[in-house]
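[1] Here is a sequence together with a model predicted from it:
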2 protein chains.
Amino acid sequence: MKGIDQRVEAFEDQLRKAGLRMTQQRRLILRVLAQADDHPDAKGIFTRAFAHDPTLSLSTVYRTMKVLETQGAIERHAFEDGVSRYEHADQAHHDHLIDIETGAVVEFSSPEIEALQAKIAAELGYEIVRHRLELYGRKTRPARRKGVRKDA
Amino acid sequence: MKGIDQRVEAFEDQLRKAGLRMTQQRRLILRVLAQADDHPDAKGIFTRAFAHDPTLSLSTVYRTMKVLETQGAIERHAFEDGVSRYEHADQAHHDHLIDIETGAVVEFSSPEIEALQAKIAAELGYEIVRHRLELYGRKTRPARRKGVRKDA
DNA sequence: ATGCAGTTGCAAACGATTTGCGATAAATGC
DNA sequence: GCATTTATCGCAAATCGTTTGCAACTGCAT
C-alpha cells in the first residue's frame, strides 16, 4: 500500500504553489478519500470525516471536493442517480460498470473501446476531450476465477 | 417521414391500454417532441409548448415526461450538466457526442463498441442492461491549406 | 349525459449543491 | 515567536432542477 502521508504531503506542496492552503479539514478529507475503496458521494465523505472531526461541515466537503477536482487530485463522476461521487485520481484511467441491483461499482478499462471512440469522433470531425462510459448490468453467474482482470 | 399525427394516435391507444388518458397537454408535448431535432430539457419543452397553450404548467411537463418515459415513448439523458434532456424514441439506439464548445449533440452508433461492452461485462460476470456512452469533444480544425495560417 | 378515476395548475416541498458572511486559522514576514 | 494578511471555515440562507399534496378539472367508458 502506498503511503497516504506521502501523497498528502505532495499535495500540500501542490496546493501551496497554487496559493492555497493545506488545512486540517483538507488533510482529513484527503485521508478519507485515500482510504476509500468505493465511490462515496459528498455526504458519505462527510460522514466518514465527521467521525474524526465533529466540527467539520458539509459545505466544507463540497468546497474541498471542488478544490481537489480542479487540482486534479480527485475525479468526479455522476452516475444515473445524478449525485456526484468521487474517487482519488492516482490510478489509471478506467470506466465503470454499475451493478443495478447492489449499486456496486466495478472498474474496468478497454483500450479497444477507447480506440474505437477516437475513430468514431474523428469520422464525425471531432477530437475527444473526455468521455463517459458506464455499463449498467446485473450479475450473471459468479465471475470466472481465472483470466478475469478487473483493474482496480 | 412518418406522420406525427399517426404517431400521436398510435400512442393514444397505447396509453389507453395502460389505463391512462390522452390529454390535450400530452398531445401538445408529444407534438413538440416530435418536431424537436435537438435534445431539449423540461424547461425547453415547456417554453415551446407554452407558446401554443399558455395554461400549461411546468410540472405537467415533468409529469408527462415521466409517463412518456415509462411508456417507452421517449428517452431521457442526463449529460454532464446534470439536467435531464429528452428525445423521442422512435429511432434506433445510438449514443451521443457532445460538442463542448457549442453544446451541439451529434448522434452515432457503433456495433463494435456495443460488442466490446458486452464482452467486457461478460468477463466481469455481468450482463448489460443498459449503458451510457457520451463523448465530449471539439471540432477538429479543417486541414490547413498551404501557406494559409490562422493564428490563434 | 353521468360518474369515476386519471390529470392538471399551483404552490410548497425536496435533495443536492452553492454561496454570503462574520469568525477562524494557515502562510508569510519580521 | 508574534503579528499580518487573506484563504478557509461553519452556518444558515439561497439556488436549481425536479417532485408532490391538494382541490379543481376533464377524459372516457357506460
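    Cool, got the structure.
[2] is DNA strand D contacted by the helix or strand hosting residue A:62?
    Element membership for residue A:62 (DSSP states H and E) is helix A:58-70. Yes. Using C-beta under 7 Å from any atom of the strand, helix A:58-70 reaches DNA strand D at A:59-60, A:63-64, A:67. For glycine as for every other residue, the C-beta is placed from the backbone atoms N, C-alpha and C.
[3] just those now: which is nearest DNA strand D?
    Nearest to DNA strand D out of the residues of helix A:58-70 next to DNA strand D is residue A:60 (C-beta to the nearest atom of the strand; 2.9 Å).
[4] If residue A:136 is in a bridge, with which residues?
    residue A:98, residue B:130 (DSSP bridges).
[5] quick one: contacts for it?
    Contact analysis of residue A:136 by C-beta atoms under 8 Å, 6 or more residues apart in numbering or on different chains lists A:80, A:97-98, A:100, B:128-132.
[6] Check those residues and tell me the two furthest apart.
    Greatest spatial distance among those (C-beta to C-beta): A:80 and B:128, at 13.7 Å.
[7] In PDB, could you pull the C-alpha coordinates for the helix holding residue A:62?
    In PDB, the C-alpha atoms belonging to helix A:58-70 read as follows (Å, rounded to 0.1, in the frame of the first residue of the first chain):
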ATOM      1  CA  LEU A  58     -20.800  19.500   4.800                       C
ATOM      2  CA  SER A  59     -20.200  22.700   2.800                       C
ATOM      3  CA  THR A  60     -16.500  22.300   3.500                       C
ATOM      4  CA  VAL A  61     -16.600  18.900   2.000                       C
ATOM      5  CA  TYR A  62     -18.300  20.300  -1.200                       C
ATOM      6  CA  ARG A  63     -15.800  23.200  -1.300                       C
ATOM      7  CA  THR A  64     -12.900  20.800  -0.800                       C
ATOM      8  CA  MET A  65     -14.100  18.400  -3.500                       C
ATOM      9  CA  LYS A  66     -14.100  21.300  -5.900                       C
ATOM     10  CA  VAL A  67     -10.600  22.300  -5.000                       C
ATOM     11  CA  LEU A  68      -9.400  18.800  -5.200                       C
ATOM     12  CA  GLU A  69     -11.000  18.300  -8.500                       C
ATOM     13  CA  THR A  70      -9.600  21.400 -10.100                       C
END
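[8] Show me what counts as buried in it.
    A:60-61, A:64-65, A:67-68 (16 or more other C-beta atoms under 10 Å in any protein chain shown).
[9] Name all residues that make contact with residue A:128.
    A:117-118, A:121, B:135-137.
[10] hmm, 6 Å instead?
    Neighbouring residues of residue A:128 by C-beta atoms under 6 Å, 6 or more residues apart in numbering or on different chains: A:118, A:121, B:135, B:137.
[11] tell me the SS of it?
    strand (DSSP: H, G, I helix; E, B strand; the rest coil).
[12] which SS state does the residue positioned nearest the centre of chain A fall under?
    With distances taken as C-alpha atoms, centre = their mean, the residue of chain A nearest its centroid is residue A:87 (2.0 Å). Three-state call for residue A:87 (three-state DSSP): strand.
[13] and residue A:34, that's in a helix?
    Yes. Counting by three-state DSSP, residue A:34 falls inside a helix.
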